[in-house]
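A.B. asks: With the input below, show me the fold.
(one chain, ligands or ions: 1)
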Amino acid sequence: MSSTEWTAVCRVEDIPVLGSRRVSRAQGLPVALFRTADERVYALLDRCPHKGGPLSQGIVFGDGVACPLHNWTINLADGRARAPDEGCTPSFACKVEGGRVWLDADELASKGLDLPAPVAGPCSKTAA
Ligand code: FES
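C.D. replies: Numbering: from 1, shown residues only. Now for the predicted structure:
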């Protein structure tokens, strides 16, 4: 069994309460960190399972985030859309230790790289 290698990405207070912070990666879409009112931190790919909206710009309430584009609600813990909507965005292992937020280094480097960026909006990438 290999042990998890963790990467510190920011301090907890860098994430607004009931808000989010984006962590960019060498490849793939950024990861969105979310901080709840009761000080839990979650990490999801910054891409709504519906049409790729930037979840980091959504509204956090309880343990969910409302996508800013069409208002689907996504569970912060597992990335699943709440009924009646269906879909799932990748979630990332995340821990808080010593006032910092840590992500699984392997997941950060490899998870969700196959998902395309939205064609428009703040997450879009301009084609070369
Ligand atoms: S893109 Fe998120 S609800 Fe449509």
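A.B. asks: show me the contacts for residue 28.
C.D. replies: Contacts for residue 28 were tallied using CB atoms under 8 Å, 6 or more residues apart in numbering; they are 45, 111-113, 115. No exception for glycine: its C-beta is placed from N, CA and C like everyone else's.
A.B. asks: try it again with 10 Å
C.D. replies: In this structure, residue 28 makes contact with 45-47, 90, 108-115, 117, judged by CB atoms under 10 Å, 6 or more residues apart in numbering.
A.B. asks: Just say helix, strand or coil for residue 43.
C.D. replies: Using DSSP: H, G, I helix; E, B strand; the rest coil, the secondary structure recorded for residue 43 is strand.
A.B. asks: Residue 65 is in contact with that one, correct?
C.D. replies: No. Taking contact to mean CB atoms under 10 Å, the distance of 11.7 Å between residue 43 and residue 65 leaves them out of contact.
A.B. asks: who touches both of these two?
C.D. replies: Between them, residue 43 and residue 65 share these contacting residues under CB under 10 Å, 6+ apart: 20, 32, 34, 76, 79.
A.B. asks: tell me which of those residues is nearest to residue 9?
C.D. replies: Closest to residue 9 out of the shared contacts of residue 43 and residue 65 is residue 32 (11.3 Å), distances taken as CB to CB.
A.B. asks: The protein: helices as residue ranges?
C.D. replies: Taking DSSP state H to define them, one finds helices in the chain at 105-110.
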